[in-house]
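Chemist: Need a 3D model of the following:
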Amino acid sequence: MQTIEFQLDEAHQHVELCNLLKLTGVAGSGGQGKLMVANGDVSVDGQPESRKTAKIHAGQVVECLGKRITVSAAGS
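Modeler: I've put the predicted structure just below:
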């Protein structure tokens with residue numbers, strides 16, 4: 001499984017799930033990210049996630065289509 005590291009910037013404590021998928025390149029757009037969530041292709045911390053705009057915080061792990069995204073805080 002490919003691992004992608006995503007670091008939140010200092011101004012933000014979280015990122016919306018569909019935007020995270022877009023920003024990391026897992027989804028080509030926010031709309032595609034929402035569709036992936038709606039189709040059940042996304043899990044957060046090992047649990048299926050159906051909320052398209054779920055707030056993802058530092059320390060959480062998102063998995064989608066064979067890719068693992070680890071989220072860290074700014075300066076970590």
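
Chemist: Format the CA atom coordinates belonging to the helix or strand of the chain with the lowest mean pLDDT as PDB.
Modeler: When each helix and strand of the chain is scored by mean pLDDT, DSSP states H and E, helix 30-38 comes last, with a mean of 93. Provided in PDB are the C-alpha atoms of helix 30-38 (Å, rounded to 0.1, in the frame of the first residue of the first chain):
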ATOM      1  CA  GLY A  30     -13.300  17.500  -4.700                       C
ATOM      2  CA  GLY A  31     -16.300  16.100  -6.500                       C
ATOM      3  CA  GLN A  32     -14.500  12.900  -7.200                       C
ATOM      4  CA  GLY A  33     -13.400  12.700  -3.600                       C
ATOM      5  CA  LYS A  34     -17.100  13.100  -2.500                       C
ATOM      6  CA  LEU A  35     -18.000  10.300  -4.900                       C
ATOM      7  CA  MET A  36     -15.300   8.000  -3.500                       C
ATOM      8  CA  VAL A  37     -16.700   8.600   0.000                       C
ATOM      9  CA  ALA A  38     -20.300   8.000  -1.100                       C
END
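
Chemist: Now the most centrally placed residue in the chain: closest residue in space, sequence neighbours ignored.
Modeler: Nearest to the geometric centre of the chain sits residue 20, at 4.1 Å (CA atoms, centre = their mean). Residue nearest to residue 20 in three dimensions, not counting chain neighbours: residue 56, with 5.5 Å by CB to CB, 6 or more residues apart in numbering. For the C-beta atoms, the positions are set from N, CA and C on the backbone; glycine is no exception.

Chemist: that older thread, in terms of secondary structure, what does the host helix or strand of the residue nearest to the centre of the chain contact?
Modeler: For residue 20, the host element (DSSP states H and E) is helix 17-23. For helix 17-23, the elements it packs on are helix 30-38, strand 42-44, strand 55-57, strand 61-64, strand 67-72, judged by 3 or more CB pairs under 8 Å, 6 or more residues apart in numbering; DSSP states H and E.

Chemist: nearest to residue 9, of those?
Modeler: Among the helices and strands packed on helix 17-23, strand 67-72 comes nearest to residue 9, with 11.2 Å by CB to CB.

Chemist: And the contacts of the closest one?
Modeler: Residues from elsewhere that reach strand 67-72 (CB atoms under 8 Å, 6 or more residues apart in numbering): 1-8, 15, 20-21, 24, 26, 56-63.

Chemist: Noted, bye for now.
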